[in-house]
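Undergrad: quick check, what structure comes out for this input:
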Amino acid sequence: MFNRLVSILSKVNADYSDIRHEIKKEVIISFNGRELTQLSSNSTDGYVLRVLKKGGLSSIAFSDHKDASKVIKSAEENALLISKNIDEPVMFAQSEIIVDSFLPELKEDPQNITIDEKLNLTRKYNDIPLCESKIATTNITYREIARDKYFANTEGSRIRERLTTTRINGSIISRDGNLLQNVRVGIGGSNGFAVLRDQEDEFEKRTSIALQLLKAHPVRAGVYNAILNQSLAGVFTHEAFGHFSEADLIENNISMREKMKIGEKLGNRAVSIIDDPTVPDLLGYYKYDDEGTKVKPTQLMKKGVLVGRLHSRRTAAAFKEPLSGHCVAEDYRYAPIIRMGNIFIQPGKYSLSDLLDKLGDGLYILDAKGGQTSGENFTFGAQYGYHIKNGKISKMVRDINVSGNLYKTLQNINAIGNDISWSKIGGCGKGQVNIRSCYGAPHVLVAGIVVGGR
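TA: Alright, predicted model coming up:
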């Protein structure tokens with residue numbers, strides 16, 4: 001494959017060019033209630049060529065290598081046209097020349113597991129909630145994606161990397177009369193099929209929560225001191241903070257770029273945040289991004305102070321900041337964009353019991369359920385929560401929305417737990433879908449958070 005890629009690059013007349021070829025294999029098995037609604041397996045492949053010429057950067061995706069000459073001509077013409085219509089020429093930060101093959105060892109390669117076994121496992125987990133009379137239905141899907149990537153550039157890098165992701169996830173819907181409640185469930189990872197086995201307890205736990213919610217009362221709207229569990233704190237870290245650490249999202253936003261200056265104190269001293277895709281077995285684990293840059297742990301916030309951000313080669317040059325290796329594409333149809341890998345709040349020293357004692361009275365809010373951001377403001381749904389009285393967990397509540405301002409919330413995080421947990425299915429829809437975007441956090445104690453409800 002590298003011979004073909006190098007041959008294509010040799011025909012490009014530009015200051016720089018790179019090309020990525022991918023073979024993508026995907027398996028999907030879906031249930032709606034007890035009905036099997038999809039069972040599919042397919043393999044597709046394609047190329048993405050990028051050309052940097054006279055300060056203009058263009059990219060073209062194509063599927064047949066026989067079209068390379070036509071694609072090169074179009075990419076060069078587009079790059080020249082772009083160069084004449086931009087204020088500042090595109091430059092790339094210098095990157096190490098790498099020749100390597102990275103094929104992570106898997107705990108059971110899902111491509112060696114029969115489709116029958118995948119179907120039976122998915123059906124078994126789907127059947128767990130359906131045994132309960134007050135479970136109205138389920139939507140459960142098995143999804144497996146393997147990306148075998150080959151990257152070459154005119155600087156001399158030649159990299160092969162294989163990334164495999166498996167998951168079983170969806171929703172469990174309970175019903176009592178006209179009242180419906182929806183709870184999300186998900187297992188998975190990037191280290192093989194074995195992570196999906198023996199997960200009956202997770203589906204039983206989520207089923208139990210769906211049933212308990214039928215007896216819970218809606219939360220009363222107000223301003224609360226609250227503990228956010230690992231899922232909700234992780235989503236806050238990814239959605240409210242993490243995206244503003246991606247250089248491409250703030251580079252043309254004058255107000256956000258001013259607020260997100262390196263060295264600015266944005267949060268409480270208790271808060272430190274890092275993005276580290278180099279941790280094996282986590283969902284967002286990889287070694288090289290889709291520009292051929294070796295990824296590295298990137299400290300974003302340290303004791304409340306902004307100390308770093310995530311970059312592509314283009315934005316690293318524009319910001320005059322270090323490369324981080326966070327430029328990732330969904331697949332062979334796309335040029336890469338800046339993405340988070342494994343972003344997380346670093347653990348503190350407190351147990352959950354300690355945080356409950358510190359809270360005294362307030363809310364314990366658990367598990368993200370959708371949401372949105374608008375500039376520095378955010379609103380997230382939570383799947384359920386509990387009233388806390390004198391440091392003790394009390395009645396369950398439902399229909400919870402949490403909203404606030406990014407900077408005020410970072411300042412109001414008063415204590416950090418020691419019990420970090422990671423997302424198992426992750427995902428991010430910025431521009432393209434990145435199913436391996438992972439977040440993590442311990443429990444966190446937040447003062448004065450706005451809770452919407454009844």
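
Undergrad: now Val305: closest residue in space that isn't a chain neighbour?
TA: Lys265 (5.2 Å; Cβ to Cβ, 6 or more residues apart in numbering). C-beta coordinates here come from the backbone N, C-alpha and C atoms, glycine included.

Undergrad: equivalent analysis for Cys428, please.
TA: The shortest distance from Cys428 to any residue other than its chain neighbours is 3.8 Å, reached at Ser437 (Cβ to Cβ, 6+ apart).

Undergrad: where along the chain do the helices fall?
TA: Counting by DSSP state H, residue ranges of the helices within the chain are 2-9, 68-83, 115-130, 200-212, 230-236, 247-250, 254-259, 313-319, 352-359, 406-412.

Undergrad: possible to save these as JSON lines with mean neighbour count and mean pLDDT?
TA: Below are those laid out as JSON lines (neighbours: other Cβ atoms under 10 Å; pLDDT from 0 to 100):
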{"stretch": "helix 2-9", "mean neighbour count": "16", "mean pLDDT": "98"}
{"stretch": "helix 68-83", "mean neighbour count": "17", "mean pLDDT": "98"}
{"stretch": "helix 115-130", "mean neighbour count": "17", "mean pLDDT": "98"}
{"stretch": "helix 200-212", "mean neighbour count": "17", "mean pLDDT": "98"}
{"stretch": "helix 230-236", "mean neighbour count": "26", "mean pLDDT": "96"}
{"stretch": "helix 247-250", "mean neighbour count": "20", "mean pLDDT": "96"}
{"stretch": "helix 254-259", "mean neighbour count": "13", "mean pLDDT": "92"}
{"stretch": "helix 313-319", "mean neighbour count": "21", "mean pLDDT": "98"}
{"stretch": "helix 352-359", "mean neighbour count": "17", "mean pLDDT": "98"}
{"stretch": "helix 406-412", "mean neighbour count": "21", "mean pLDDT": "97"}
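
Undergrad: contact partners for Leu106?
TA: By Cβ atoms under 8 Å, 6 or more residues apart in numbering, the residues touching Leu106 are Thr164, Asn191, Gly192, Phe193.

Undergrad: what about the second one, how many neighbours?
TA: I take that to be Asn191. Asn191 has 20 neighbours, counted by other Cβ atoms under 10 Å.

Undergrad: pretty sure it contacts Arg167?
TA: No: under the criterion of Cβ atoms under 8 Å, Asn191 is not in contact with Arg167, lying 11.9 Å apart.

Undergrad: just to revisit the earlier point, and the residue nearest to Cys428, how far from Leu310?
TA: Distance check for Ser437 against Leu310: by Cβ to Cβ, to the nearest Å, it reads 11 Å.

Undergrad: in strands only, show me the contacts of Leu106.
TA: Residues from the contacts of Leu106 lying in strands, with DSSP state E as the criterion: Thr164.

Undergrad: which among the contacts of Leu106 count as buried?
TA: Members of the contacts of Leu106 that pass the buried threshold by neighbour count (16 or more other Cβ atoms under 10 Å) are listed as Thr164, Asn191, Gly192, Phe193.

Undergrad: to Gln38, which of the helices of the chain lies closest?
TA: With Cβ to Cβ as the measure, helix 115-130 is the member of those nearest Gln38 (10.8 Å).

Undergrad: what angle sits between that closest one and helix 200-212?
TA: 30 degrees (axes from the mean of the first three to the mean of the last three Cα atoms, to 10 degrees).

Undergrad: contacts for helix 115-130 next, please.
TA: Contacts of helix 115-130 with the rest of the structure, by Cβ under 8 Å, 6+ apart, involve 27, 29, 31, 33-34, 36, 39, 41, 110, 135, 137-138, 140-142, 144, 168, 172, 196-197, 199-200, 203-204, 206-207, 210.

Undergrad: chain center to that helix: distance?
TA: 26 Å (Cα atoms, centre = their mean, to the nearest Å).

Undergrad: same question, stretch 273-287
TA: Average the C-alpha atoms of stretch 273-287, do the same for its chain, and the two points are 11 Å apart (Cα atoms, centre = their mean).

Undergrad: would you confirm that Ile140 contacts Asn169?
TA: Yes: under the criterion of Cβ under 8 Å, Ile140 lies in contact with Asn169, with a separation of 7.4 Å.

Undergrad: who has more neighbours, these two?
TA: Looking at Ile140 and Asn169 with other Cβ under 10 Å, you find the greater number of neighbours at Ile140, namely 25 against 18.

Undergrad: what residues are up against the more buried one?
TA: For Ile140, the residues meeting the contact criterion (Cβ under 8 Å, 6+ apart) are Ser30, Phe31, Thr122, Tyr125, Asn126, Ile168, Asn169, Gly170, Ser171, Val185.

Undergrad: who does it form a beta bridge with?
TA: Note on Ile140: beta-bridge partners Phe31, Gly170, judged by DSSP bridges.

Undergrad: just the pLDDT for it.
TA: pLDDT, Ile140: 98.

Undergrad: do Ala152 as well
TA: With respect to pLDDT, Ala152 has a value of 98.

Undergrad: and the gap between it and Lys54?
TA: For Ala152, the distance to Lys54 - Cβ to Cβ - is 22 Å.

Undergrad: which of these two has more neighbours?
TA: Ala152 (26 against 14).

Undergrad: just give me the neighbour total for the nearest residue to Ile337 once chain neighbours are set aside.
TA: The shortest distance from Ile337 to any residue that is not its chain neighbour, by Cβ to Cβ, 6+ apart, is 5.4 Å, and that residue is Gly431. By the measure other Cβ under 10 Å, the count of residues near Gly431 is 14.
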